[in-house]
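S.K.: Could you work out the structure for the sequence below:
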Amino acid sequence: MHLKYYRPHIKPAAIVCLVLILDQITKAVVLKCMALHHTIPVIEGFLNFTHIHNPGGAFGLMANQGQVVRSFFFIFVSFAAMALIVYFYFKTSQKYFFFRVSLALIFGGALGNLIDRIRLGKVVDFLDFYIGKWHWPAFNIADSAITIGIVIYIFYIFFNYSATDLHK
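M.R.: The predicted structure follows:
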């Protein structure tokens with residue numbers, strides 16, 4: 001194929017790679033340098049690095065299910081979600097760059113957590129935000145990319161364009 005075909009995909013592909021690299025490097029550092037459940041205060045009263053393993057999904061979803069059920073479910077859902085993201089990406093007009101960026105962020109984050117699930121059977125989390133005794137569930141770079149991607153996605157859908165405007 002011609003370079004003209006690939007050019008619009010370079011930046012979103014770079015975003016996927018950047019998210020994946022940052023996610024996997026930070027998780028590797030946490031696994032190597034921190035004992036499980038060890039906490040390092042970063043900003044007193046607001047942020048700790050805490051090494052946590054999440055066998056479930058967001059907010060511990062299905063954490064109490066058996067390993068085989070969890071693994072099958074989350075790996076299947078991850079592949080299905082990533083396939084849908086690729087479908088939407090190629091169905092979306094190139095003029096909606098930030099919408100396509102949102103899909104790249106979500107894809108990169110999903111891929112980062114999928115690698116953990118396949119490799120470890122659980123996801124490594126370490127960003128622990130809190131105020132007083134109220135803690136947000138620990139998360140990681142992949143989760144952050146997914147969240148930012150979803151916010152951009154929602155912005156486009158609800159505030160800029162109808163879903164039909166996003167197609168070629």
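S.K.: Break down this protein into its helices, ranges please.
M.R.: Per DSSP state H, the chain carries helices over the ranges 3-33, 67-91, 97-120, 141-155.
S.K.: most tightly surrounded among the ones you listed?
M.R.: Stretch with highest mean neighbour count among those: helix 97-120 (a mean of 21; mean count of other CB atoms under 10 Å). Backbone N, C-alpha and C define where each C-beta goes, glycine included.
S.K.: coming back round to it: could the helices of the chain be laid out in TSV, adding mean pLDDT?
M.R.: Shown next, in TSV, are the helices of the chain (pLDDT from 0 to 100):
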stretch	mean pLDDT
helix 3-33	91
helix 67-91	88
helix 97-120	95
helix 141-155	95
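S.K.: Ok, which of these comes nearest residue 48?
M.R.: Closest to residue 48 of the helices of the chain, according to CB to CB: helix 3-33, at 12.1 Å.
S.K.: That closest one: how far from the chain's middle?
M.R.: The chain centroid and the centroid of helix 3-33 are separated by 11 Å under CA atoms, centre = their mean, to the nearest Å.
S.K.: Among the helices of the chain, which comes closest to residue 128?
M.R.: Checking these against residue 128 by CB to CB gives helix 3-33 as the closest, at 11.4 Å.
S.K.: can you state the direction angle for the closest one and helix 67-91?
M.R.: Orientation of helix 3-33 against helix 67-91 (axes from the mean of the first three to the mean of the last three CA atoms, to 10 degrees) gives an angle of 150 degrees.
S.K.: for helix 3-33, packing partners?
M.R.: Contacts defined by 3 or more CB pairs under 8 Å, 6 or more residues apart in numbering; DSSP states H and E place helix 3-33 against strand 47-54, helix 97-120, strand 123-131, helix 141-155.
S.K.: so what's the closest residue to residue 19 other than its chain neighbours up against?
M.R.: Leaving aside its chain neighbours, residue 19 sits nearest to residue 108 (3.0 Å; criterion: CB to CB, 6 or more residues apart in numbering). Neighbour list for residue 108: 15, 16, 17, 18, 19, 20, 23, 142, 145 [criterion: CB atoms under 8 Å, 6 or more residues apart in numbering].
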